[in-house]
Structures are given as C-alpha cells and as structure tokens.
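>>> quick one, structure for this:
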Amino acid sequence: MGSVIGVIGAGGWGTALAKLLAEKAHDVTLWCHGEQTFRYIQQDKENPTYLPGIKLPAAIKATRLLDEAVQKKNALFLAVPSHYFRAVVGAAAPAVDGKSILVSATKGIDEAKLAPMGEVLKDLFGAAQKDRHAFLSGPTFALEVARGQPAAVTVGVFDDRVGRVVQDLLGGPNFRVYTSRDTVGVEMGGVVKNVIAIAAGISDGLGLGLNARAALITRGLAEMTRLAVKMGADPLTLSGLPGLGDLVLTATGDLSRNRSVGLEIARGKKLDDITRGTRTIAEGITNTRSVYLLAQKLGVEMPIVEQMHRVLHEGKNPLEAVKELMQRSLKAELA
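Numbers count the residues shown, from 1 in each chain. So this is what the prediction gives:
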C-alpha cells in the first residue's frame, strides 16, 4: 500500500510529480490555486495549461483547500513559484502534521530574506524540524517526466533516512533519484541555472553561435559554483545533476521557459510584454534580481548575472551586455 501524499502547486512540475506519485499507487491530493486548473484536473483529469496532452491518473484528487491537501500526510511536495512560496506554505503550516516529510520542489530565492527555500522552511517550521526537510533538483522538464521519459534528479537532505524515503516515494524505472547531504548546493544550482539559461537564450536569439553558448554555460557554471561555495556548498555538487545537469538542459532545451524569455528579449520584446502573454512563469526573471542582490550582499563576482539584471530589470540593450562581457579584463580561467 502506498503513502498518503499532498502536492502543493498544480503548475507543470507539481502536476507531473502528482502523476508520478499516483502511478506508484500513492494516495495523492493535489492543491490547485486556480479555479480553472482545479476543474480541469478534477473533472477531466487533465491540466491543459501546463501539461497539454497528458492524461492524469483517476486516483489524483484535486482540491482548492490547503488544509485538505496537507493534513495527515506522510509527505508533502511543495511546488509553488518561489515568489509565492513563503505565503502559500506559511498559510498551510498550521495544518501540517509535525511528522510529515516536506520536499521542496521549488527552485528559487526568497526575495525578502535573499535565501533559498530551505531557510524559508526553517523560518516557518523551526530549526528543530529541518531533518524532515528535503530539496528536489535536477535536469527535468515537467512535460517529459509526465510522459514517462527517462530522467534523473538529486534530493538534498539533512537526514539520510529521509533521503531513502523520498527515493522510495519517487523512484521508478524511468525516474532515478540520487541523494546528497549538500542541501545548499542542490538548491542553489537549481536557482542560478535559470539566470544563465536566459543569457543563453539571448545569445542564441542574437545569432552569436554555438561557441558563445558553450562559453556562457561554462562561465555560468563558474559563477554558480562561486556563489554556492560562498554559502557553504561543496563545489562537486555543482558538477552534478543539480548544477551542470540542470544548467545544460535549461540553457539548451526547447522546452525551457527561461531560454524562451532570452530568445524573446533578443528579438526586441519588452519583459512586460513577454510576461503578459503567458500564464507559465519563467523563474529566471525573479531569480535574476534575487541572485544579483545576493551576490552583491556576499561579495561574489557574477558578471553574467550582473549583465542579465541590467538587461531584464534596467532596460539595457542585450548586445551591449554581451560586448561588455567579452571586453572584461583578462584573467586566469580558474582564478
């Protein structure tokens, strides 16, 4: 018999996780913020806005009541956009069972605290509960996971026993789950890659070529690693699935919302027009601002992130940003 699971957030990733869990015979309740998404999932067993063409298991129960989604659950998967994470999880917190495992599937920075979701969970539930917290990250497009195509992820944990539970809950023939004790590295790789993916999209949109894209990805990995290590991460974590793996996927894949934003910026579209024309959220837009501010706070040099902040939030011409990156003073690669 499976476990009793709540999934908070019915975007593409939350819905894909709910499908994955339900297919393993777990009892899954999926919390939906929007009325239309709720109706589609409850009545038609589909989420056409985020996962078009995917039929969901009949066993998934949709709800708009947070308490119903979180009460008496063995585990909760938290998959809401980072800028709503504190508010939504905070509203749910009073109803959460103290024995529930909390798995953050959100890749982002809390703008108020300039910290990853692990710090938000600690604020909301107390440091004494952190051993029950886990962080899921890796190269995964929700649509491919929902189709049952092969994928591998890493779950960052404080307690190895929790890691084994999450592996058992999610793992299957087409979904491989590794564990890591480096929660900071697992979280931060999934954040910074969104910013670099926008830069890669801009590079591709400007027609700068494959050499330029490869350079951006590689130097982006260096920036990601510098920031994460400053925060206490193991640099090796960033060479794995949560870092390099997720970065390559998001910077090159046609399903990447962040790369798509970069392509649109390169074509001359304004950020407001891009965001107004879609219901799906590219986390890299908000991540760019928060990662830039965090780097400034910690004194970490991140020139690609800095230029992306100027392009997205200060209106800088993207070609000028590329020129500035290329004309920086020369130095050793690994300095």
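>>> how about residue 272, what does it touch?
If you count contacts by CB atoms under 8 Å, 6 or more residues apart in numbering, residue 272 has none. To be clear about C-beta, it is placed using only N, CA and C from the backbone, and glycine gets the same treatment.
>>> quick one: it is in a helix?
Yes: using DSSP: H, G, I helix; E, B strand; the rest coil, the secondary structure at residue 272 is a helix.
>>> any idea which helix or strand comes after the helix or strand of the chain with the lowest mean pLDDT?
Ranked by mean pLDDT, DSSP states H and E, the weakest helix or strand in the chain is helix 271-276, scoring a mean of 83. Heading C-terminal from helix 271-276, the first helix or strand you meet, by DSSP states H and E, is helix 283-298.
>>> CA atoms only: put that next one into CSV for me.
This file holds the C-alpha atoms of helix 283-298, laid out as CSV (Å, rounded to 0.1, in the frame of the first residue of the first chain):
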residue,chain,number,x,y,z
GLU,A,283,11.6,31.6,-12.6
GLY,A,284,14.7,33.1,-14.0
ILE,A,285,13.1,36.6,-14.2
THR,A,286,12.7,36.9,-10.5
ASN,A,287,15.8,34.7,-9.8
THR,A,288,17.9,37.3,-11.8
ARG,A,289,17.1,40.1,-9.4
SER,A,290,17.4,38.0,-6.2
VAL,A,291,20.6,36.2,-7.3
TYR,A,292,22.1,39.6,-8.3
LEU,A,293,21.2,41.1,-4.9
LEU,A,294,22.5,38.0,-3.0
ALA,A,295,25.8,38.2,-4.9
GLN,A,296,26.2,41.9,-4.0
LYS,A,297,25.4,41.1,-0.4
LEU,A,298,28.0,38.3,-0.2
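>>> can you give me the offset of that helix from its chain's centre?
14 Å (CA atoms, centre = their mean, to the nearest Å).
>>> buried ones in it?
283, 284, 285, 286, 287, 288, 289, 290, 291, 292, 294, 295 (16 or more other CB atoms under 10 Å).
>>> same for it, what does it pack against?
helix 82-92, strand 109-110, helix 183-205, helix 210-230, helix 257-266, helix 303-314 (3 or more CB pairs under 8 Å, 6 or more residues apart in numbering; DSSP states H and E).
>>> okay, these, which one's buried deepest?
helix 183-205 (a mean of 29; mean count of other CB atoms under 10 Å).
>>> where exactly do the helices run in the stretch 51-200 of the chain?
66-70, 82-92, 117-125, 142-146, 160-170, 183-205 (DSSP state H, counting those that start in this stretch).
>>> can you list the domains in the chain?
4-181, 185-326 (automatic domain parsing).
>>> which of those domains has the lowest mean pLDDT?
Among the domains of the chain, domain 185-326 carries the lowest mean pLDDT, at a mean of 94.
>>> distance between the ends of it?
28 Å (CA to CA, to the nearest Å).
>>> using CSV, lay out the helices of the stretch 51-200 of the chain together with distance to residue 101.
CSV is the format used below for those (distance: least, CB to CB, whole Å):
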stretch, distance to residue 101
helix 66-70, 12
helix 82-92, 14
helix 117-125, 11
helix 142-146, 20
helix 160-170, 6
helix 183-205, 14
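>>> which among those is found nearest to residue 320?
helix 183-205 (11.4 Å; CB to CB).
>>> next, the angle helix 257-266 makes with the closest one.
Angle of helix 183-205 versus helix 257-266, following axes from the mean of the first three to the mean of the last three CA atoms, to 10 degrees, is 30 degrees.
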